[in-house]
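S.K.: structural data only, the sequence is not supplied:
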């Protein structure tokens, strides 16, 4: 750099002596850009962003140094802040089609040609287009989501789960004439169980969408109260709200906390909550509860009070396992949709992430993005996320479902009273985990 001006040499030395001085580094980068040193200006802007993420001056300099079109000014502040518009990757791909490869390779398809859906298939919920709230007059204290747009088709893969839901729960409810012909009762609810992070809540929302029903999600924090009798009243009020909002799905999340075994409880307040819950579940049989459907989810069904699982209450169970290969591809595509990727082979990554939950797959995408970001900051050159990044991240992450299966194995082998966990036993034998 013998032709470099004395001012640039002095500033270069000053930046080297004070690397965390972002204004100084940006001033140096502005002079570099003015003299036509675009690549070095990009590197300085990237280093500034590493020390001050989100700095508007550094981001503006990065855009100008890379020769990208100027970003439009932000809109005037409204009453409620709006989310920034998503980056238009389709338009960007067309502009640079001759320079970089496609975002995804045409590699992974379901062997049966089945539509893998567009949803995540996880407990991570996507925004619903028609999601809203119930009438405040009818549900003063409880937020009831209006019938949503999510359907089972939006759950990626999981064909066996969908078939079981259709046969055991949805088909009788959709066909009242056939139900009467065969004497099929609507008594009882459905208990979803399995490893954490596998989409039980998302499936419950999809069931509500299939039924065209409102959705009321309940957890222990919604019910438990320090004053005597208030927790039981909360349980009753929740079901009363569902009756007024019918058709309505009442979703009891973390049922092992709401309805733990009373024999293990030392606090009468929690026992009374379980008793009240049993009373309300029995009430689902009556005509006054027509249109109230009860779904529950738990990671540890063996800790749920047995009275909650007797016929007429939560008597049907459905094992929700880690997503299968088509579901893993759908989840990975969802979490990579707004990230800078190039020629990613989803099929190869899906094969390398067997037994990963939806939450694990989200972590894989996050880790791969983190590695590419650090490389870009160090080198000053923007680098795309590739299949290699994702595979490397997958090798470093242990499936969170392994510890769950270690506990579930003992239950399936030695506490399978009445065939309660036959589906789990079948899966463990199939995976040769027994």
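M.R.: Right, received. Where do you want to start? This is a predicted model, so every value here is computed, not measured.
S.K.: okay, now the domains of this structure?
M.R.: Using automatic domain parsing, the domains assigned to the chain come out as 6-65, 89-121+323-399, 152-320.
S.K.: using a markdown table, lay out these together with distance to residue 143 and mean pLDDT.
M.R.: (Glycine included, C-beta is placed from N, CA and C.) Formatted as a markdown table, these follow (distance: least, C-beta to C-beta, whole Å; pLDDT from 0 to 100):
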| stretch | distance to residue 143 | mean pLDDT |
| --- | --- | --- |
| domain 6-65 | 32 | 79 |
| domain 89-121+323-399 | 22 | 81 |
| domain 152-320 | 8 | 84 |
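S.K.: those domains into TSV, with extra columns for mean neighbour count?
M.R.: As requested, those are arranged in TSV below (neighbours: other C-beta atoms under 10 Å):
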stretch	mean neighbour count
domain 6-65	17
domain 89-121+323-399	18
domain 152-320	19
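S.K.: those: which one's closest to residue 414?
M.R.: Distance to residue 414, taken as C-beta to C-beta, is lowest for domain 152-320 among these, at 10.8 Å.
S.K.: straight-line length of the closest one, end to end?
M.R.: One end of domain 152-320 sits 14 Å from the other (C-alpha to C-alpha, to the nearest Å).
S.K.: sorry, back to before: and residue 423, which of the domains of the chain is closest to it?
M.R.: Per C-beta to C-beta, nearest to residue 423 of the domains of the chain: domain 152-320, 4.6 Å.
S.K.: run the chain-centre distance for the closest one.
M.R.: 21 Å (C-alpha atoms, centre = their mean, to the nearest Å).
S.K.: dump the domains of the chain into a markdown table; add distance to residue 144 as well.
M.R.: Converted to a markdown table, the domains of the chain look like this (distance: least, C-beta to C-beta, whole Å):
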| stretch | distance to residue 144 |
| --- | --- |
| domain 6-65 | 37 |
| domain 89-121+323-399 | 22 |
| domain 152-320 | 5 |
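S.K.: those domains: which one's closest to residue 408?
M.R.: Nearest to residue 408 among the domains of the chain is domain 152-320; the distance by C-beta to C-beta comes to 8.2 Å.
S.K.: for residue 428, find the nearest of the domains of the chain.
M.R.: domain 152-320 (10.7 Å).
S.K.: how about the strands in the stretch 151-300 of the chain?
M.R.: Ranges of strands within the stretch 151-300 of the chain are 190-193, 214-218, 248-252, 292-298, based on DSSP state E, counting those that start in this stretch.
S.K.: and residue 420, which of the domains of the chain is closest to it?
M.R.: Residue 420 lies closest to domain 152-320 among those, at 7.2 Å (C-beta to C-beta).
S.K.: I'd say residue 360 and residue 396 touch.
M.R.: No: checked against C-beta atoms under 8 Å, the pair residue 360 and residue 396 is beyond contact range at 11.5 Å.
S.K.: now for the residue nearest to residue 164 when sequence neighbours are not counted: which residues touch it?
M.R.: Distance criterion C-beta to C-beta, 6 or more residues apart in numbering; nearest residue to residue 164, sequence neighbours excluded, is residue 318 at 5.5 Å. Contact analysis of residue 318 by C-beta atoms under 8 Å, 6 or more residues apart in numbering lists 161, 164, 165, 168, 190, 191, 192, 193.
S.K.: one more: residue 211?
M.R.: Here residue 211 is in contact with 170, 173, 174, 247, 249, 293 (C-beta under 8 Å, 6+ apart).
S.K.: quick one: contacts for the third one?
M.R.: If a contact means C-beta under 8 Å, 6+ apart, then residue 174 has 210, 211 as its contacts.
S.K.: now do it against residue 55, distance only.
M.R.: Note on residue 174: its distance to residue 55, by C-beta to C-beta, to the nearest Å, is 55 Å.
S.K.: how far away is the nearest residue to residue 151 once chain neighbours are set aside from residue 425?
M.R.: Spatial nearest neighbour of residue 151, excluding adjacent residues (C-beta to C-beta, 6+ apart): residue 209 at 4.9 Å. Going from residue 209 to residue 425 by C-beta to C-beta gives 31 Å.
S.K.: just to revisit the earlier point, between the contacts of residue 211, which is closest to residue 36?
M.R.: Checking the contacts of residue 211 against residue 36 by C-beta to C-beta gives residue 249 as the nearest, at 63.1 Å.
S.K.: quick one, what contacts that closest one?
M.R.: 204, 207, 208, 211, 213, 214, 215, 216, 293, 294, 295.
S.K.: before we move on, the earlier item: okay but the residue nearest to residue 151 is in contact with residue 148, surely?
M.R.: Yes: here residue 209 reaches residue 148: they are 5.0 Å apart, a contact under C-beta under 8 Å.
S.K.: host element of residue 382?
M.R.: Counting by DSSP states H and E, no helix or strand carries residue 382.
S.K.: who are the contact partners of it?
M.R.: 66, 340, 376.
S.K.: could you dump those into a markdown table and include secondary structure and distance to residue 274?
M.R.: Listed next are the contacts of residue 382 as a markdown table, based on DSSP: H, G, I helix; E, B strand; the rest coil; distance: C-beta to C-beta, whole Å:
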| residue | secondary structure | distance to residue 274 |
| --- | --- | --- |
| 66 | coil | 61 |
| 340 | coil | 51 |
| 376 | helix | 54 |
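S.K.: any chance of these in TSV, with distance to residue 31 too?
M.R.: Compiled in TSV, those are given as follows (distance: C-beta to C-beta, whole Å):
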residue	distance to residue 31
66	17
340	29
376	23
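S.K.: what's the closest of those to residue 46?
M.R.: Nearest member of these to residue 46, counting by C-beta to C-beta, is residue 376, at 6.4 Å.
S.K.: my read: the closest one touches residue 47, true?
M.R.: No: between residue 376 and residue 47 there is no contact under C-beta under 8 Å: 10.8 Å.
S.K.: just checking, what packs against the helix or strand containing residue 368?
M.R.: Element membership for residue 368, per DSSP H and E: helix 358-379. Applying 3 or more C-beta pairs under 8 Å, 6 or more residues apart in numbering; DSSP states H and E, we find helix 358-379 packed against helix 38-51, helix 325-335, helix 387-396.
S.K.: redo that, cut-off 10 Å
M.R.: For helix 358-379, the packing partners by 3 or more C-beta pairs under 10 Å, 6 or more residues apart in numbering; DSSP states H and E come out as helix 38-51, helix 325-335, helix 346-352, helix 387-396.
S.K.: give me the distance from it to the chain's centre.
M.R.: 17 Å.
S.K.: quick revisit: which among the contacts of residue 318 gets closest to residue 43?
M.R.: residue 161 (49.4 Å).
S.K.: hang on, the closest one packs against residue 317?
M.R.: No: Residue 161 is beyond contact range of residue 317, at 12.0 Å (criterion: C-beta atoms under 10 Å).
S.K.: identify the contacts common to these two.
M.R.: Taking C-beta atoms under 10 Å, 6 or more residues apart in numbering as the contact rule, residue 161 and residue 317 both touch residue 192.
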